[in-house]
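*Asks:* 3D model of this:
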Amino acid sequence: DAYNALIANVNAQGGINGRKIVPYLVPVNPLLSTAASSACTQLTQDDKVLVSFAPVVPLCYQLAGVPTISGTMGGTLSPKAAPNFDLTPPAAAFDPLQIAVFTKQGIFKGKKVGVVSASADKTELPIVLAALQKQHVKVVQNAVNSAPTNDQVANDQQVQIIAQRFKNSGVNVVVAVGSSAPGFVDGLEDIQSTYAPRIVATNYADFAGSVSTKGRDNPTYLKGSVTATPIPSQQVFWNDPAIQKCVRIIKKAYPSTLIGDPIGASATAPTTWVAAENTCQNVAIFTAIAKAAGRTLNTKTFAKAGYGLRNVSIPGMGVPISFGPDRPYALGPVYVVTYNTKSQTLNTSDKSANG
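*Replies:* Predicted coordinates for the structure are as follows:
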């Protein structure tokens, strides 16, 4: 409904450079790989679509030469195939930005820093270490938690060893790389450690998934914790006039469609706003790129125009975003997220820390 409403609205205003958008909507059960492959074949070979919005298996479209938008749902991406234009940068690009922001805010000043990662994040570890070195942050210890995923006993044993090493070295700030933050915090709590360093988590999504529920974790081990995200707070996102315009368009086209307000919504409330927000952004990205491509519109001109997009306003982002040569992801805003001990929640800053 959201795609139909927003696309119809673009077409009603003359389309893009005189062209109307023709949507091809194919439902897919994401649990069935055959269904996703069949949809990809239909859309790329039979329908010959120009671009795919948020496909379940983005790599299939990329390898078929079809650019994707927000094609990150459970899929592998190929840097050598058609581009996936996305608002969320990969860790390799975002880590140096957030490390620079944390350094500027004085989080590492006068501190002894330790770095921990999980086995799954070993490729991200050297990126974080290099970013810290560039900011002249002295790392006194680094370690890899080799415990298998979902083995809490092994995780606790690893954390006990790592925590003791860090404590003996005087580490009072721990940079937790990628997915390692939840396991490190859980391990400290499980072993009832007296060691409680400040946590700097490089992966907001993993960290938020673990500590965003009040009362789930002991605030002792989360006091002063900080992370960052390239996406603004839900309040900034939802209250963006452009997002609200999209919501009004959808509601007008489909009066019976319920779109709840995420601000203050309970944890059990249906997340009916997600479809409106995501669709609004995806259509805006497509419209901006297609307009920039000009009258000659094909996969080649679309990709070139996307890479060349600069300082464009996308609903919900808070600040203008840019892509770059061979960089199909937005890079720029860093929204700092801090842990509030009193409310036991993570609070995202309303303003980007780096402008």
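*Asks:* so for stretch 59-74, mean pLDDT?
*Replies:* Across stretch 59-74, the average pLDDT comes to 86.
*Asks:* how about that stretch: buried residues?
*Replies:* Leu59, Cys60, Tyr61, Gln62, Ala64, Val66, Pro67, Thr68, Ile69, Ser70, Gly71, Thr72 (16 or more other Cβ atoms under 10 Å). Using the backbone N, CA and C atoms, a C-beta is placed for each residue, glycine as well.
*Asks:* any idea how far the fourth one is from Lys112?
*Replies:* Gln62 sits at a distance of 44 Å from Lys112 (criterion: Cβ to Cβ, to the nearest Å).
*Asks:* helices along the stretch 1-150 of the chain, start to end?
*Replies:* Under the criterion DSSP state H, counting those that start in this stretch, helices of the stretch 1-150 of the chain are mapped to 2-12, 33-41, 58-63, 91-104, 125-134.
*Asks:* of those helices, flag the one that's most buried.
*Replies:* Of the helices of the stretch 1-150 of the chain, the one with the most neighbours on average (mean count of other Cβ atoms under 10 Å) is helix 58-63, at a mean of 22.
*Asks:* by contact count, what packs against it?
*Replies:* Contacting helix 58-63 under the criterion 3 or more Cβ pairs under 8 Å, 6 or more residues apart in numbering; DSSP states H and E are the following elements: helix 33-41, strand 68-69.
*Asks:* among those, show the one with the smallest mean pLDDT.
*Replies:* helix 33-41 - the lowest mean pLDDT of the helices and strands packed on helix 58-63, at a mean of 86.
*Asks:* contacts for that one?
*Replies:* Val26, Val28, Asn29, Pro30, Pro55, Val56, Val57, Cys60, Tyr61, Ala64 (Cβ atoms under 8 Å, 6 or more residues apart in numbering).
*Asks:* just put those in a markdown table and tack on distance to Leu129.
*Replies:* A markdown table is the format used below for those (distance: Cβ to Cβ, whole Å):
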| residue | distance to Leu129 |
| --- | --- |
| Val26 | 44 |
| Val28 | 40 |
| Asn29 | 42 |
| Pro30 | 36 |
| Pro55 | 35 |
| Val56 | 35 |
| Val57 | 33 |
| Cys60 | 35 |
| Tyr61 | 35 |
| Ala64 | 38 |
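*Asks:* make a PyMOL selection of the buried ones in those.
*Replies:* To isolate the buried members of these in PyMOL, using 16+ other Cβ under 10 Å:
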select buried, resi 26+55+56+57+60+61+64
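*Asks:* before we move on, the earlier item: could you dump the helices of the stretch 1-150 of the chain into CSV with distance to Asp206 added?
*Replies:* Output for the helices of the stretch 1-150 of the chain, formatted as CSV (distance: least, Cβ to Cβ, whole Å):
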stretch, distance to Asp206
helix 2-12, 28
helix 33-41, 25
helix 58-63, 21
helix 91-104, 11
helix 125-134, 14
